[in-house]
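1. next come a sequence and a model predicted from it.
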Amino acid sequence: MEKENGLKVSILASGSKGNATYIETPRQKLLIDAGLSGKKLEELMQSINRSLTEVDSLLVTHEHSDHIQGVGVLARRYDLNVYANEKTWQAMDAKVGKIAIEKKHIFAPDSYLALGDLDIESFRVSHDATDPQFYGFHYDGSSFVALTDTGYVSERMIGMIENANAYLLECNHDTNMLRYGRYPWTLKQRILGDEGHLSNDDGAQVLSEIIGDTTKKIFLGHRSQENNTRDLAHLTVSDELLAQDFAVGEDFTLYDTYQNQATPLQNVKN
């Protein structure tokens, strides 16, 4: 695979059973979350012609198992620097096993971190975890924002993430499928609540507020296997954006993500 310069992204896995995203620049290679087994993550990296031996850092969003399952094993096996905020470290420490103290780093919410040639900003989200946060990435005029696992997106968050080149945005469930599905009512309330997950309609609405002139790629993420389908999520977002006069497929492209298959590694700007 050609190794041209630029900010490049592959959504290795996105869904209710495991999440991980790979990001690279000429000088930096990192993961957001590691919610699958070490073996599976190795396979997914190989599928995009990359190796975990090239990765030097891992950013954690929150302590739920579908985001941290592989954190400990990857940190130990590949000597990774692991970044999370203080409360997330406290919540996940016992779950990930021993990580060398010099490899454990605090990345506070609503702050900035420079790793090599990559600038990263963290921002809080509304989810039923201890102190969840997601990230925006900036390199040489290019930008990528990862945002899933939130019940709503505030105006403040909109202002922080608008007009990026590429997004990973949550479209977790179809509201009717969830309401009439087999989940117990308490779980349905959790998912539908302000600390739950964005629906397909919610995701479309958020996108209508953050898409800008430089936006080129949108990855629809964290899709429920029980309460959504790939086609339904894609069609709902596409139709709602088209109804608001966005040039879907012309100015920008919608991409599906998968639970067990990586999206191709690609530059966020073209």
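-> Done, it's in. Numbering: from 1, shown residues only.
2. my read: P132 touches F123, true?
-> No. With contact defined as CB atoms under 8 Å, P132 does not count as touching F123 (10.0 Å). Where C-beta positions appear, they are placed from N, C-alpha and C, glycine not excepted.
3. between these two, which one's more packed in?
-> More crowded of P132 and F123, by other CB atoms under 10 Å: P132, with 25 against 18.
4. can you give me the helices in the chain?
-> For the chain, the helices identified by DSSP state H occupy 38-47, 65-68, 71-78, 86-96, 155-161, 175-179, 185-192, 200-210, 230-243, in order along the chain.
5. so which of the ones you listed is nearest V55?
-> In terms of CB to CB, the element of those nearest to V55 is helix 71-78, at 6.4 Å.
6. just the CA atoms of the closest one, as CSV, please.
-> Extracted C-alpha coordinates of helix 71-78, given in CSV (Å, rounded to 0.1, in the frame of the first residue of the first chain):
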residue,chain,number,x,y,z
VAL,A,71,-5.8,-2.6,26.1
GLY,A,72,-3.8,-4.5,28.7
VAL,A,73,-2.5,-7.2,26.3
LEU,A,74,-1.5,-4.7,23.6
ALA,A,75,0.2,-2.4,26.1
ARG,A,76,2.3,-5.3,27.4
ARG,A,77,3.0,-7.1,24.2
TYR,A,78,3.8,-4.0,22.1
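7. quick one: contacts of that helix?
-> The set of residues external to helix 71-78 that reach it, using CB atoms under 8 Å, 6 or more residues apart in numbering, is 31, 33-34, 37-38, 41, 52-53, 55, 58, 60, 80, 82, 92, 95-100, 103.
8. please apply the same query to stretch 189-208.
-> Outside stretch 189-208, the residues within contact range by CB under 8 Å, 6+ apart are 126-128, 147-153, 158, 167, 169-175, 178-179, 183, 218, 220, 222, 224, 227-228, 232-233, 236-237, 240-241, 244, 246.
9. recalculate using a threshold of 6 Å.
-> 126-128, 151-153, 169-175, 233, 236-237, 240, 244 (CB atoms under 6 Å, 6 or more residues apart in numbering).
10. count of residues packed around the closest residue to N165 other than its chain neighbours?
-> Computed as CB to CB, 6 or more residues apart in numbering, the closest residue to N165 that is not its neighbour in sequence is V268, at 4.3 Å. V268 has 23 neighbours, counted by other CB under 10 Å.
11. any idea how far V268 is from Q244?
-> The gap separating V268 from Q244 is 23 Å, by CB to CB, to the nearest Å.
12. before we move on, what about L36?
-> With the distance defined as CB to CB, L36 ends up 35 Å from Q244.
13. same thing with A164?
-> Going from A164 to Q244 by CB to CB gives 18 Å.
14. neighbour-wise, which of these two wins?
-> Legend: neighbour count by other CB under 10 Å for A164 and Q244, higher for A164 (25 against 13).
15. check that one and give its pLDDT.
-> As predicted, A164 sits at a pLDDT of 98.
16. hang on, isn't it packed against L147?
-> No. Under the criterion of CB atoms under 6 Å, A164 makes no contact with L147, lying 9.8 Å away.
17. any idea how far R124 is from T130?
-> R124 is 11 Å from T130, where distance means CB to CB.
18. again, but for R27
-> 32 Å.
19. of the two, which one has the most company?
-> Set R27 next to T130 and count neighbours by other CB under 10 Å: T130 wins out with 16 against 11.
20. name the nearest residue to that one, sequence neighbours excluded.
-> Excluding the flanking residues, the one nearest T130 by CB to CB, 6+ apart is A91, at 4.1 Å.
21. how far does stretch 27-42 sit from its chain's centre?
-> Averaging C-alpha positions (CA atoms, centre = their mean, to the nearest Å) puts stretch 27-42 12 Å from its chain's average.
22. likewise for stretch 119-130?
-> Offset of stretch 119-130 from its chain centre (CA atoms, centre = their mean): 11 Å.
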